[in-house]
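> Could you work out the structure for the sequence below:
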Amino acid sequence: MINDEIRAKEVRLVGAEGEQIGIKPIREALQMAIDLNLDLVNVAPQAKPPVCRIMDYGKFRYEQQKKEKEARKNQKVVDIKEVWFRANIEEHDYQTKLRNVVKFLKEGDKVKCSVRFRGREITHANIGQKILERVKTEVAELCIVERHPKLEGRSMIMILAPKA
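From the prediction side, this is the model:
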């Protein structure tokens with residue numbers, strides 16, 4: 001809340017330079033802000049009495065938006081990439097998919113490794129377990145296992161996250 005929107009009878013006032021002015025009636029605080037050609041901004045409405053600060057509100061909002069924009073620019077969005085294996089995968093296909101897992105982890109993305117079972121392959125779930133364990137050991141220096149291999153329906157799933 002700023003200027004006339006503040007409804008308290010008296011406020012604890014902080015000056016434009018951050019100095020404590022003290023507890024003042026709202027009219028006097030508002031007049032001090034007007035004399036300095038600045039705004040009276042309620043910075044802590046829950047306090048007793050509320051804390052108000054004399055500042056240039058437009059400049060304050062502009063700086064806040066700049067900080068938020070900078071924070072958004074610096075954050076990394078972590079994607080989950082999925083790599084599918086089959087229970088009877090050949091060695092060359094396995095190596096190709098393993099290269100993709102390594103590439104995704106180096107880019108900073110999480111990787112969901114899945115072994116899909118078809119038909120009667122589901123009775124040999126231990127084969128899928130071995131494939132995922134092999135992937136886990138071969139990329140152990142690049143990642144941590146966020147979720148160990150677990151059978152869900154006709155797929156066995158493991159999630160790997162890159163080391164920080």
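> quick one, helices of the chain?
With DSSP state H applied, the chain shows helices at 26-35, 57-74, 91-106, 125-138, listed in chain order.
> Output those as CSV; include the columns mean pLDDT.
Converted to CSV, the helices of the chain look like this (pLDDT from 0 to 100):
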stretch, mean pLDDT
helix 26-35, 86
helix 57-74, 88
helix 91-106, 94
helix 125-138, 92
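> Beta-bridge partners for the residue nearest to Tyr57 when sequence neighbours are not counted, please?
Leaving aside its sequence neighbours, Tyr57 sits nearest to Asp39 (CB to CB, 6 or more residues apart in numbering; 4.0 Å). C-beta coordinates here come from the backbone N, C-alpha and C atoms, glycine included. For Asp39, the beta-bridge partners under DSSP bridges are Met55.
> what's in contact with the top strand by length along the chain?
Ranked by residue count under DSSP state E, the longest strand found in the chain is strand 143-152. Under the contact criterion CB atoms under 8 Å, 6 or more residues apart in numbering, strand 143-152 has outside partners 105, 110-111, 125, 128-129, 132-133, 136, 156-163.
> buried stuff in that strand?
Cys143, Pro149 (16 or more other CB atoms under 10 Å).
> Note down every partner strand of it and its orientation.
Going by DSSP bridges, the partners of strand 143-152 are strand 155-162 (antiparallel).
> what is the mean pLDDT for the strand it pairs with?
Averaged across strand 155-162, pLDDT comes to 94.
> which residues does Ile131 contact?
Phe85, Ala87, Ile89, Tyr94, Val115.
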